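>>> I'll drop the sequence and a predicted model, then ask my questions.
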Amino acid sequence: MYMNWGTERTFAVRSSKIVTPAGLIDGAVFVEAGKISAVGGADSIPKGTRVYDAGNLMVIPGLVDTHVHINEPGRTDWEGYDSATRAAAAGGITCVVDMPLNCIPVTTSLKAFKEKLAAVGSQIHVDCAYYGGVIPGNQSALSDMVKAGVVGFKAFMVDSGIDDFPYTKPADLSTAMQILKSLDVPLLVHAELDDSDGTAVYAEHKLPEPYASYLKSRPASWEVEAIKTVIGLSTQHDCRTHIVHLSAAAAVPDIMAAKARGTKITVETCPHYLSFDAESIASGDTRFKCAPPVREKANQDKLWQHLAAGQIDFVVSDHSPCTPQLKLMGEGDFEHAWGGIAGLQFGLPAIWSGAQKRNISAETIVRWMCEQPPKLVGLSAKKGKIAPGFDADLVVFDPTQSVSTAAKDIRHKHKVTPYSDLPLQGRVEATFVRGALVYESGKFPTEHFGKSLLKGQF
Ligand SMILES: [Zn+2]
């Protein structure tokens, strides 16, 4: 509706439903040079102000997605900065944080981080921050990577699927935590502890149903045991630690208890664990393969309950795409298919749709997807709230409209996604990044406006 809006970043957005930290208001958001200068009543808009009139559509803060695998450089045929950040903009995400794998080289050294920044160049459509990786033996590289701007580190406790990104044993995590504590960055942990050789387990549990076999090969106990170990280490070193992509609700009580004791631990879950359940996944449908796996409906219900109770901190995508060939769709081979779900563009409507069935408010969704994630990476004074002084990262959202998952409307590099199976409601109509209209009604009026956010420089 505003395709000739232009690039001026001083204006007001008018809406009858603006989600602010003080609740839902009918009024206007004032933007000056890309920052929010004030939030007030519509009658306070001075004459002559340019107004983006969202009418009765909802205006929410841009989402901050702190768990995205963009894969460039090196595996740009899987996903890249241009396509991923277009998908982000179309999905109402105004800031992503990129994981240190599955790019080549993996981001486990200063040299590799510089190569990544060079590859990013000026092709991003939303803001982007970066993690480094902790692998056995790279502890001497961590401090230099923080000085160069990474906002945190990721480690695995189980095979990552990428040979160049080996997993860490508890002793490696312990060494890393001692260093990271003094650098004021969090350690993010993929928490599954394989209590045997994964392939053997898969073979042992090989049932006629491929999905059932896969699920059985990565039981909830792997997550529960790994999380107990992480809690122990985090408590010992007083290091800020974050559990990524929690699937097993059974681990939440341990996390709650640790938080109550003062351990600096947080936890995220993902739209796929909240949207899909093992009982409904067609047996050979490898689009759903991810690790940890999507579990049973009863587990999903518990995840929603823990979120609603504030016991899970936030929801981010874990967008982890690959080429359709690597998903081995024809064969239905859960053992060898790439484990990762492509869903960056559909996180908001997936959560919105699930929340409608459970009477969860827009303010609550904004807390899970906008306000909480930036706290992890030091961006909470700039991103995730419609309040004076914050970046004018704004999303115009129509809760009543359905969302197309037709291939032509999917902005991920590849169009294979399990969200194609869901009726999704809650459509992003427009996205502003720092006051620039980067997405509107399927188009990208301002291209490449995103910038890299480096620790120490924001
Ligand atoms: Zn991931």
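Perfect, thanks for sending it. Residues are numbered from 1 along each chain as shown.
>>> Off-centre distance for the top helix by length along the chain?
The longest helix of the chain (DSSP state H) is helix 220-237. On the basis of CA atoms, centre = their mean, to the nearest Å, helix 220-237 sits 22 Å off its chain's mean C-alpha point.
>>> how about that helix: buried residues?
220, 222-227, 229-231, 233-235, 237 (16 or more other CB atoms under 10 Å). No exception for glycine: its C-beta is placed from N, CA and C like everyone else's.
>>> Quick check: which helices or strands does that helix pack against?
If contacts are counted by 3 or more CB pairs under 8 Å, 6 or more residues apart in numbering; DSSP states H and E, helix 220-237 sits against helix 170-183, strand 187-190, strand 241-243, helix 252-260, strand 265-269.
>>> what's the angle between that helix and helix 170-183?
Angle, helix 220-237 to helix 170-183, by axes from the mean of the first three to the mean of the last three CA atoms, to 10 degrees: 50 degrees.
>>> where along the stretch 351-458 of the chain do the strands fall?
394-402, 425-433, 436-440 (DSSP state E, counting those that start in this stretch).
>>> Mind listing what's buried along the first one?
So that's strand 394-402. Residues L394, V395, V396, F397, D398, P399 are the ones in strand 394-402 that count as buried (16+ other CB under 10 Å).
>>> what residues are up against the fifth one?
Okay, so that is D398. D398 makes contact with L57, M58, G426, R427, E429, according to CB atoms under 8 Å, 6 or more residues apart in numbering.
>>> Among those residues, which one has the most neighbours?
Highest neighbour count within the contacts of D398, by other CB atoms under 10 Å: G426, with 24 neighbours.
>>> Quick check, that one in contact with P399.
Yes: using CB atoms under 8 Å, G426 is in contact with P399, at 5.2 Å.
>>> Give the residues shared as contacts by those two.
With CB under 8 Å, 6+ apart as the test, G426 and P399 both reach W352.
>>> sorry, back to before: show me the one of the strands of the stretch 351-458 of the chain that comes nearest P292.
Among the strands of the stretch 351-458 of the chain, strand 425-433 comes nearest to P292, with 26.4 Å by CB to CB.
>>> can you pull the alpha-carbon coordinates of that closest one into PDB?
Output in PDB follows, covering the C-alpha atoms of strand 425-433 (Å, rounded to 0.1, in the frame of the first residue of the first chain):
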ATOM      1  CA  GLN A 425      -2.700 -17.600  10.400                       C
ATOM      2  CA  GLY A 426      -1.200 -14.200  11.200                       C
ATOM      3  CA  ARG A 427       0.400 -12.400   8.200                       C
ATOM      4  CA  VAL A 428       3.200  -9.900   8.200                       C
ATOM      5  CA  GLU A 429       2.100  -7.000   6.000                       C
ATOM      6  CA  ALA A 430       5.100  -4.700   6.500                       C
ATOM      7  CA  THR A 431       8.500  -4.700   8.200                       C
ATOM      8  CA  PHE A 432      10.600  -1.700   9.100                       C
ATOM      9  CA  VAL A 433      14.300  -2.100  10.100                       C
END
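>>> Parallel or antiparallel, list what pairs with it.
strand 394-402 (antiparallel), strand 436-440 (antiparallel) (DSSP bridges).
>>> can you tell me the average pLDDT over the shortest one?
So that's strand 436-440. The pLDDT scores in strand 436-440 average 97.
>>> low-scoring pLDDT stretches of this protein, where are they?
1-3, 197-208 (pLDDT under 70).
>>> Mind giving me the packing neighbours of the helix or strand containing A212?
Element membership of A212 [criterion: DSSP states H and E] is helix 210-217. Packed against helix 210-217 by the contact rule (3+ CB pairs under 8 Å, 6+ apart) you find helix 198-204.
>>> returning to what we had before: distance to A119 for the strands of the stretch 351-458 of the chain - can I get that in TSV?
Compiled in TSV, the strands of the stretch 351-458 of the chain are given as follows (distance: least, CB to CB, whole Å):
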stretch	distance to A119
strand 394-402	27
strand 425-433	20
strand 436-440	21
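>>> I265 is nearest to which of the ones you listed?
Closest to I265 of these, according to CB to CB: strand 394-402, at 29.7 Å.
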